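Asks: Dropping a prediction and its sequence here:
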Amino acid sequence: MNINSPKEIGEFKQRIYFFTLKLIELIDSLPKDDVSKKINDQLFQTGTSVISKFIEATASATKKDLTNSTIQAIKFANEAKLWLALVRDSKRAKAEKVKWFLEELDEISQILAGSIKS
């Protein structure tokens, strides 16, 4: 997927928005012990920052701002993958439940990275 035209940007924004909604549902379903709460908070912060940084990028006034915001979105996606892996590996959620999120973040990151190069 490319995100060069307004239509592609809109479709990608919808994809990230859907991801964010699903992530919130996942976080709501996770355990509520002290360690889980800390992981959940980090996952929420990094996972929701992907879309906020993408929206910031689409409103950028300069190519430099666009690139910086897109790089930040990629960094947040990568950090969210870490927290998701911890959720999975600490058995706070089943691996198959987390798999889609990790794969989706991989694809989102690749699309964002590709948009910087084009």
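Replies: That came in fine, so what should we check first?

Asks: The nearest residue to S60 once chain neighbours are set aside: which element?
Replies: Nearest non-adjacent residue to S60, counting by C-beta to C-beta, 6 or more residues apart in numbering: L66, 3.9 Å away. In short, each C-beta sits where N, CA and C put it, glycine included. Per DSSP states H and E: L66 is located in helix 63-89.

Asks: Whatever helix or strand comes next after that helix vs helix 63-89, what angle?
Replies: Toward the C-terminus, helix 63-89 is succeeded by helix 95-117 as the next helix or strand (DSSP H and E). Between the axis of helix 95-117 and that of helix 63-89 there is an angle of 170 degrees, by axes from the mean of the first three to the mean of the last three C-alpha atoms, to 10 degrees.

Asks: Residue numbering should commence at 579 henceforth.
Replies: I'll keep to 579 as the first residue from here, and by that count the last item is helix 673-695.

Asks: Who are the packing partners of helix 673-695?
Replies: The helices and strands touching helix 673-695, judged by 3 or more C-beta pairs under 8 Å, 6 or more residues apart in numbering; DSSP states H and E, are helix 584-607, helix 612-636, helix 641-667.

Asks: Look at S627 and say how many residues are nearby.
Replies: Residues lying near S627 (other C-beta atoms under 10 Å) number 19.
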